[in-house]
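# sequence and predicted structure below; questions after.
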Amino acid sequence: MLQLTNLTISQGESILFNNLNGEFNKGEFWGIIGQNGVGKSTLLQTIAGINHPLSHGSITVQGTNVNHMASQLRAQTFSYLLQDQEPCLAFSVREAVGMGRYPWQSKKQDDEKITETAMQTCRINHLANKSILKLSGGERRKVEIATCITQQSDFLLLDEPLNHLDLVYRQHILEVFAQISQNHCVMMVCHDIEAVKQHCSHVLMLLANNCYLAGTSATILTQENIGRLFNDHSQHD
Amino acid sequence: MLVGSVLTPPASLFDPSSPHFEIIWELRLPRVINAILVGGSLALSGLLIQNLVKNPLADPYLLGVSGGAATVQLLVIITGLSLAQNTLFLFGFMGSLGATMLLLRLSYQGRIKPEKITLNGVVLAFGFAAIISFVLATASGQQIKSMMFWLMGDMSFAQPNFLMPIIITLCLMLLLKQHRALDLLARGDLFALKSGVNTHRINLMIFIITALLTSMAVAQAGTIGFVGLIIPHLVRMMAGYQHQQLIPMCFLVGACFLLAADTLARTIMSPLQLPVGIFTALIGVPVFLWLNRKV
């Protein structure tokens, strides 16, 4: 169980979150929605421990503060999908996806098996030997998603996973995430309200002025709330 | 080992009474060993630094190592403090480590900032270059000759040094143990961090190992360009991108390359001995351009 307690995150002068509380459990598929710049990515990165903005409050997993976790344990707990890919060297797809196994130090055969399965799940096994630099934007995105799945962490933190993906594949990968969320916790930043409505069990809606709503999809995604999400500009005006 | 200013017959290798025996075992063997160690160190450092700052144009001298060593050594020569090889080696080593520590200090804000290293390193190098130019402009003719040789990279000062192979072995072992982390780091610092690599520690390790290896290489042989820049690219073209293969391959290819270049440097215009830096570029440029065309 991931618990956010009185989490306050500020970046520079502005406060992104003020006293955010929440509980995220195995078996839940969370959609995180909100306007641009409201702090969705910052929230995921702070949870994953790769961004350390000024923050108060605590983030704990089963009672352990994530800031006190060693790097490898943290990666065993959280797998974070970056919003953008960083430029890099020409590893093959198989090598790249296999890198998700780094935190586990498990047997090589197991690693290879898990890597192959993830590539099949993400439908990229035909690209296995291709250099990741020669892929299209969408194919590269699939490789990154497969890498996160290979990592087999308790929490899958996905920052706009649907970017670059075609309509058919979106549907497929959303079903994959839903499948994974049966035994893990998936948290997905997404701008596609329809997709969230269809696939996510829970929704965290981040509104202006440090307000937020959290709960099951059915209770949060009402006409009124969605209206608030898009019309609330008070912070910027 | 058998070729050089004096041609020695192979038989003299094992004949203590031959006048060539001493030349081979006392002068040439240390030089050959040195070429291997220096070449390997430089290539390995190049591989590491390119991974650290994520810039294919980075070479080990980016850390200000060569500038620092050269400045201190030249100052020692010019002030007439000492001309003995051992003292110069020591001063060079201190100068290069000092320069690296300065760079580390400038690029360290709670953690190493690779993006700062590139810019700070380049700027520092300009500073050192200015001091070197100043020293050269005010030096006497005789002094300039010996300095120039050193600035261009030269293996002929080779002194047997038992510390170097030990440190290199330790570094190689440490790096090979972390080969998977280095792979992840090559995909970006954020990627490595989120995949469970302690990037702060690994970056610091890379920095220190590179500084150590390059400082030793510079103190031994001066500024030999090109090896650290080109060999890592060459090896990546041949061996792929996984550090498990890259690390040993880089060391071996760098060693062979510098050995070949140094052998040419001391034989081609024999008995005249040329600075090896000329040959690393003369061989390296066409080989690299040809390979780059093929890939």
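All right, it came through fine. Numbering: from 1, shown residues only, chains lettered A, B, ... in the order given.

# only C-alpha atoms from now on, for both contacts and neighbour counts.
Fine.

# can you pull the contacts of residue B:172?
B:247-248 (CA atoms under 8 Å, 6 or more residues apart in numbering or on different chains).

# secondary structure class of residue A:161, three-state.
Three-state assignment for residue A:161 (DSSP: H, G, I helix; E, B strand; the rest coil): coil.

# alongside chain B, which residues does chain A contribute?
Contact residues, chain A versus chain B (CA under 8 Å from any CA of the partner chain): A:48-50, A:71-76, A:79-80, A:82, A:86-91, A:99-100, A:102-103, A:151.

# now with 7 Å?
A:50, A:71-72, A:74-75, A:79-80, A:86, A:88-89, A:91, A:99-100, A:102-103 (CA under 7 Å from any CA of the partner chain).

# from those, which single one is nearest residue A:204?
Residue A:204 has its nearest neighbour among these in residue A:80, at 17.5 Å by CA to CA.

# tell me where the chain has helices.
Going with chain A. Remark: helices assigned in chain A by DSSP state H are A:40-48, A:71-77, A:93-98, A:108-121, A:137-150, A:167-180, A:193-199, A:217-220, A:223-231.

# not quite, go with chain B.
Using DSSP H, helices in chain B cover B:19-22, B:29-53, B:65-78, B:85-106, B:114-138, B:141-151, B:163-177, B:179-185, B:189-194, B:199-221, B:227-239, B:243-267, B:276-294.

# mind listing what's buried in the first one?
Going back to what we said before, that points to helix B:19-22. B:20-22 (16 or more other CA atoms under 10 Å in any protein chain shown).

# make CSV from those and add distance to chain A and pLDDT to it.
CSV is the format used below for the buried residues of helix B:19-22 (distance: CA to the nearest CA, whole Å; pLDDT from 0 to 100):
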residue, distance to chain A, pLDDT
B:20, 50, 72
B:21, 49, 72
B:22, 49, 70
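
# list the residues that contact the residue sitting nearest the centre point of chain B.
Centroid check for chain B by CA atoms, centre = their mean gives residue B:42 as the closest residue, at 3.4 Å. By CA atoms under 7 Å, 6 or more residues apart in numbering or on different chains, the residues touching residue B:42 are B:60, B:214, B:217, B:227-228.

# closest one of the residues you listed to chain A?
Nearest to chain A out of those is residue B:228 (CA to the nearest CA; 18.0 Å).

# how about the residue nearest to residue A:111 when sequence neighbours are not counted, what does it touch?
What sits nearest to residue A:111 in space, not counting adjacent residues and going by CA to CA, 6 or more residues apart in numbering or on different chains, is residue A:101, at 6.3 Å. Neighbour list for residue A:101: A:111, A:150-151 [criterion: CA under 7 Å, 6+ apart].

# returning to that earlier point: so which of the helices of chain A is nearest residue B:223?
helix A:93-98 (36.2 Å).

# and the closest one, how far out from the chain middle?
20 Å (CA atoms, centre = their mean, to the nearest Å).

# pLDDT averaged over it - what is it?
Mean per-residue pLDDT for helix A:93-98: 94.

# need the pLDDT of residue B:4.
Looking at residue B:4, the pLDDT reads 59.

# which of the contacts of residue A:101 lies closest to residue B:253?
Relative to residue B:253, and with distances defined as CA to CA, the nearest of those is residue A:111, at 31.0 Å.

# pLDDT score for the residue lying closest to residue A:177 once chain neighbours are set aside?
Counting by CA to CA, 6+ apart, residue A:177 lies nearest to residue A:186, which is 7.1 Å off, once chain neighbours are set aside. In this prediction, residue A:186 carries a pLDDT score of 97.

# residues of chain B that sit close to chain A?
Checking chain B against chain A by CA under 7 Å from any CA, the hits are B:184, B:186-188, B:193-198, B:241.

# give me that answer again for 8 Å
Going by CA under 8 Å from any CA, the residues of chain B near chain A are B:180-181, B:184, B:186-188, B:190-191, B:193-198, B:240-242.

# drop anything exposed from these.
Buried among the residues of chain B next to chain A (16+ other CA under 10 Å): B:180-181, B:184, B:186-188, B:190-191, B:193-198, B:240-242.

# next, give phi and psi for the residue of the stretch 101-250 of chain B found nearest chain A.
In the stretch 101-250 of chain B, no residue comes nearer to chain A than residue B:196, which is 4.3 Å away by CA to the nearest CA. Dihedral pair for residue B:196: phi 100, psi 10, per degrees, to the nearest 10.

# so it touches residue A:71, yeah?
Yes - when contacts are counted by CA atoms under 8 Å, residue B:196 is listed as touching residue A:71 (4.7 Å).

# and residue A:192, how many neighbours?
By the other CA atoms under 10 Å in any protein chain shown criterion, the neighbourhood of residue A:192 contains 12 residues.

# poorly predicted segments of the stretch 1-150 of chain B, please.
B:1-15, B:19, B:81-85, B:146, B:149-150 (pLDDT under 70).

# chain B versus residue A:177, what's the distance?
19 Å (CA to the nearest CA, to the nearest Å).

# who's in contact with residue 189?
Because you didn't say which chain, this covers chain A. Per CA under 8 Å, 6+ apart, neighbours of residue A:189: A:31-33, A:40-41, A:158-161.

# to clarify, I was referring to chain B.
Neighbours of residue B:189 in contact, by CA under 8 Å, 6+ apart: residue B:199.

# okay, now residue A:155: neighbour count?
25.

# hang on, isn't it packed against residue A:184?
Yes - between residue A:155 and residue A:184 there is a contact at 6.0 Å, judged by CA under 8 Å.

# quickly list what residue A:79 is bridged to.
residue A:156 (DSSP bridges).

# cheers, nothing more for now.
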